[in-house]
Every structure is written in C-alpha cells, then in structure tokens.
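Novice: below is the sequence, then the predicted model.
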There are 2 protein chains.
Amino acid sequence: MSLLVVGSVAFDAVETPHGKVDRMLGGAATYFSVAASYFTHVNLVGIVGTDFTEKDESIFRGRRVDTQGLERADGKTFFWAGQYSENMNERTTLATELNVFADFKPRLPEPYQSSTHIFLANIDPTLQASVLHQVKSRPKVVALDTMNYWIERTPKELRETLKHTDILVINDSETRQLSNEHNLFRAARHIFKLGPKALVIKRGEYGAMLVHQNRSFSVPAFPLEVVHDPTGAGDSFAGGFMGYLATARKVDDAALRRAMVYGSVMGSFAVEKFGLDRLRELKKSEISARARHFHKMTQFTL
Amino acid sequence: MSLLVVGSVAFDAVETPHGKVDRMLGGAATYFSVAASYFTHVNLVGIVGTDFTEKDESIFRGRRVDTQGLERADGKTFFWAGQYSENMNERTTLATELNVFADFKPRLPEPYQSSTHIFLANIDPTLQASVLHQVKSRPKVVALDTMNYWIERTPKELRETLKHTDILVINDSETRQLSNEHNLFRAARHIFKLGPKALVIKRGEYGAMLVHQNRSFSVPAFPLEVVHDPTGAGDSFAGGFMGYLATARKVDDAALRRAMVYGSVMGSFAVEKFGLDRLRELKKSEISARARHFHKMTQFTL
C-alpha cells in the first residue's frame, strides 16, 4: 500500500475572529500529508519556490512524508490570503498569488508510480488527469477534490478526470453546483453517472456524509466551542480519510465508515489552532480518543 | 405515564415546489398528537372554531388521542398560509389569522392534571406557564418549543417559563437567538443556565442534535430524495421524541438518544406527503424499519 497526494504547498495569510497570521505554511497537500502521516506513509508531489526554506520543510521531517516529489522552482511559493467572517461561515479571498504554482506540472518520481491510493487535491483537472497517466497499474483508490472554479471553467476536463475517480470528496455547494441538483441524494446519483462510486460531502459545522451504493452514512462535526482557524479542515479530513483507507485491508462499507470518522477526527483537530499548529503536535492517543468520542456521539441502541 | 400536548390546531394553506393545498388540517398540536399516538396515549389541549367539523376531528379517531381538552369556540379556527422556496430552505408566511386562537386560555380537564410528560408547543410563554400551574404534581418531563416571535417580544415571560422546562426543543436559529451565541455548544451552556437540562436542536436537512450533561448526540436527516411539504416536521419530531420518552422507564442518556431517533423517524415521514397525509397512514412496522435504517446510517466500529 502506498498513498500519494498531489496538490498545493503554500504560504497562507489568515484572519479569523480569533487571530491573524501574516504568513504561515499551508496548502492542501501540506495539510493532507501531515494528517495522513499519522496513519500511513505519504508520498507528496507539489511545487515550492526559493522562499521555501529548510525550516518550512521541517514540518515533514520525523513524519512518514516522502518529499522527493516536492519540486523546487525559481520564484516564489504559492500564496493565499483570506479572511473569515464573524461566524466563520464565509471566507473572503484577499489574495491568490499562484507564483511557481502557475507552471506546476506534476511529475511522479519512479517509486510513486506504483501508488495504490491517490488523493488528487484541488488543482486543475487536467493536471489531476496527468497524475493518473503516470501511474503504472490501476490504483486501488483514486479520490479527488475540486472547487467551483474548475466546475465552472473546465467542466469538460473535470468530467474526463472524474471518469477515473473512485471517490469524490467535496463540500455541499460544490456537490450542488456539479450536479445541478439541490437535493444531495439526487446529486449523488447524478455524480455516480460521471464515474465516482462514492461521494464524500464535507459539511463544515454539520459534519460529513458518505453516499455509496444507495447507502448513506453521516458523521456529525465534533462539538468544539471555539474554532480558531477553519483553513485546511477539508484537506485534513481528506488526509485522515485516505490515510486510514490506505491501511484498511478492504475498501468495504465498514472501512469507508471508519475512514469518514478518522477524516472527521483530523478535520476537527485542524481547526483548533491556526494553520498546522494543532495537527503537527498531535499524539496517536489523542486521535484514538477523539475517534472514540465520535463513537459516543453517534451510537444508540433501539 | 400520560402525555399531554398543548398547542395549535389549525387549517393550513401550503405551497411547495411539489404542490399546493388551499386548506388542510394542521397545527403543532395536531402533528404532535398524531405522531406521538403511535407510541403512547396523548391528551390534547387546544382550541378550534365552528368550522372544525366532525370530519376534521376524525384524524384523531381510532388513535390514542383524547380530545376532551379540545375546546370549541364561536368563530373560525386558526388559519396559516405559507409558501416554501424552491429549495425548501425558506418559507414565507402569507397569512396568519389567529381567529379563536387569539383568546385561547388552555384549560386542563381533570384527568390531564396528573400528566407525567408535557409538551408545550409553540404558543405564548405565559399560556405555556399557565398549563404547568394546572398540573398537580411535578411532571417527569416538561418539554417546550418556542420561536423568534416570543424570543423577541416576551423574553421575560419566556425566561420565567423556561425555569420550569426540562427539555427545550427548538431549531438552530432560535437557539442562536435565545442564547446570543453562534456556537451551538456555547449556546447550550447558556440555555442550561435558564432552566432546561437538555437542548434538542432541530436542524432540518442536517438532522437533529441533543446536548445535555456536557454530552452531545447527533442524528442525521433521513436521506429523502423528495421533500413534499416540510410543514409540521418539527412538531412531528417532537411527537416522536416525547411519545417514545413517555414509554421509557427512565429518562436517561440511552432513552433520550432513542427519543431523538424516533423523533427523526416521525419528522422524516411527515415531510413525505402534504400535511398529515403520510403520518395518518403509517404502520408501526414502517416506524420500526425506519428507526433501523437510522441505525444503519450512523453506526460504525473502530
């Protein structure tokens, strides 16, 4: 089993009602890798600029994250700045500077080409497809994230890539936009016709939902009284989800459910501090304890 | 054990994207009673006008609903007209004609005065309090529903009534408005200081959440591809919730969880057809089957 993630490594400026950070390490592939590394070994493909220092890269040291796929290019690293509303329900993007990310062409080092589990974080669907072309044998699980930008601007390319996707991991509004259906169960049926066999819907304060094979499974959000910074929650969810799945013997209903729970666990930790501050310091025992807490929050007997 | 509900019995005009009905039986106490009667005997206190016929009242016949507390007054029955948006997320009230309901003074027939379980549906908090004054010994469970109108206009009276309430059953926005807290867990802590020991939050398409004793328990919404008419969903939820609770030996965490599930079951049936059409034709076996379905949708092993 080997888990590959392809996506952004970035610097973020974030302001929430609980604080403000002008520059911190971020990016989908970063959150994903750190979260997934608590479960399994992760191979990372991304691109950074010359401003990405040894110290920045140290987030991956001492973890099961292989960075030989992290390309270094002349120029600056992808930069994103955003501000969250008082209730954290909305966020305004203040700046998106693609920098070296603008010319990103994912290249899989030879050892990555036999990955069994692949997470295609939210990037251009054509680049997502190019990753799959570099993989030698059919992976066990290909999961994909995307966003309104690609749904609107590259619908054809996205549909082509979705044909080769097993699990689509997106949020409510993306689900509705992609399917043109408000009802999420009708939306799921629409999406299954495009390729994916499972749909994971990230719903923020409402938790997450899995739809596959005419079944649905829901996990609530963890009861946090304070959310410090929602940035990276979705990618941390995906990291926990795919990280757990890569360790499961079979990708069956029971494994997918557990993956949903571990995804929710990692997403809930991510938001407790700014950026990667909470994820980077986690203990395995904290992850298990929180998973048991999710169990307590949802179980009942009839 | 005996369950009492006090609230509106009404005629509704409802328009949703799936149809339009100019006049059908409705009202919180009606939905509640029909839903709860699948679990236990219900005593109903409400008021109707001379336009409320034997045929209208037949909704309660053949069920375990006692209507000796249903007062008949000169005038017309409470009438409500509303229209739901395309996505059913918003509803516009087109008409509210209180009619005989304007002078409603709940009077409990003698046999009702020893009720052990009481549901105070959404009416003037002063009237809700007057019901409790007529009960001879401390009930086992007093649950209360309210709305923005009372939160804004009679905050003092509502707070007084809440002191004698065990379980508050409201929706997200009411929770936030009453507590002045956006975060629902902080909101719950605030509400517990007002009297209730448990908070049940109805969240529509996101299901329902119970908070009590520093614990939270969540139930997702049932995966319906079509919602025909959301009217009465919350009161049907309350009916399933209190109906089950009245049959439970102890009001402990396990019983409250089951009550949440049966509430969700009844709420999910209510919206499948217009008005009371789905609730009135239900079979016990359908209720059990749906409760098992909720179990399947939420259970996992670690």
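Specialist: Nice, thanks for sending it over.
Novice: SS state for the nearest residue to A:Ile201 once chain neighbours are set aside?
Specialist: Counting by Cβ to Cβ, 6 or more residues apart in numbering or on different chains, the nearest residue to A:Ile201 once its immediate chain neighbours are dropped is A:Met209, at 4.7 Å. C-betas here are computed from N, CA, C, even on glycine. Of the three states, A:Met209 takes strand under DSSP: H, G, I helix; E, B strand; the rest coil.
Novice: repeat for A:Glu15
Specialist: Quick answer, by three-state DSSP: A:Glu15 is strand.
Novice: ok, it touching A:Tyr84?
Specialist: Yes - using Cβ atoms under 8 Å, A:Glu15 is in contact with A:Tyr84, at 6.9 Å.
Novice: hmm, the residue nearest to A:Ile201 is touching A:Arg203, no?
Specialist: Yes - at 6.5 Å, A:Met209 and A:Arg203 qualify as touching, with contact defined as Cβ under 8 Å.
Novice: neighbour count winner among those two?
Specialist: Between A:Met209 and A:Arg203, counted using other Cβ atoms under 10 Å in any protein chain shown, A:Met209 has the larger neighbour count: 25 against 20.
Novice: contact partners for the more buried one?
Specialist: Applying Cβ atoms under 8 Å, 6 or more residues apart in numbering or on different chains to A:Met209 gives the contacts A:Leu184, A:Val200, A:Ile201, A:Arg203, A:Ser216, A:Phe217, A:Ser218, A:Val219, B:Pro220.
Novice: quick one: which of these is nearest A:Asp74?
Specialist: Of all those, A:Val200 has the smallest distance to A:Asp74: 37.1 Å, by Cβ to Cβ.
Novice: and the closest one, what element?
Specialist: Under the criterion of DSSP states H and E, A:Val200 resides in strand A:198-202.
Novice: now for that strand, which elements pack on it?
Specialist: Strand A:198-202 sits against strand A:167-171, helix A:172-179, helix A:184-194, strand A:208-212, helix A:233-247, helix A:253-270, with contacts defined as 3 or more Cβ pairs under 8 Å, 6 or more residues apart in numbering or on different chains; DSSP states H and E.
Novice: in CSV, list the ones you listed along with mean pLDDT.
Specialist: Listed next are the helices and strands packed on strand A:198-202 as CSV, based on pLDDT from 0 to 100:
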stretch, mean pLDDT
strand A:167-171, 98
helix A:172-179, 96
helix A:184-194, 97
strand A:208-212, 98
helix A:233-247, 98
helix A:253-270, 98
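Novice: run through the bridge partners of A:Gly69.
Specialist: A:Val45 (DSSP bridges).
Novice: now the residue lying closest to A:Thr165 once chain neighbours are set aside: how far from A:Leu245?
Specialist: Spatial nearest neighbour of A:Thr165, excluding adjacent residues (Cβ to Cβ, 6+ apart): A:Leu144 at 4.4 Å. The spacing between A:Leu144 and A:Leu245, counted by Cβ to Cβ, to the nearest Å, is 14 Å.
Novice: again, but for A:Arg64
Specialist: For A:Arg64, the distance to A:Leu245 - Cβ to Cβ - is 15 Å.
Novice: more crowded one of these two?
Specialist: Comparing A:Arg64 with A:Leu245 by other Cβ under 10 Å, the one with more neighbours is A:Leu245, at 27 against 16.
Novice: got the residues of the stretch 101-250 of chain A near chain B?
Specialist: Within the stretch 101-250 of chain A, the positions adjacent to chain B are A:182-186, A:203, A:205-207, A:209, A:211, A:215-218, A:220, A:223-227 by Cβ under 8 Å from any Cβ of the partner chain.
Novice: spell out for me the PyMOL command that would select the buried members of those.
Specialist: PyMOL command restricting these to the buried ones, with burial defined by 16 or more other Cβ atoms under 10 Å in any protein chain shown:
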select buried, chain A and resi 182+183+184+185+203+205+206+207+209+211+216+217+218+220+223+227
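Novice: count the neighbours of the residue nearest to A:Thr165 for me.
Specialist: By the measure other Cβ under 10 Å, the count of residues near A:Leu144 is 26.
Novice: then A:Ser8?
Specialist: Close neighbours of A:Ser8, defined as other Cβ under 10 Å, add up to 24.
Novice: now do the one 4 residues further on
Specialist: For A:Asp12, the count of nearby residues is 24 (other Cβ under 10 Å).
Novice: same question, A:Leu199
Specialist: If you count neighbours by other Cβ under 10 Å, A:Leu199 ends up with 25.
Novice: my read: it touches A:Leu210, true?
Specialist: Yes - under the criterion of Cβ under 8 Å, A:Leu199 makes contact with A:Leu210 at 7.3 Å.
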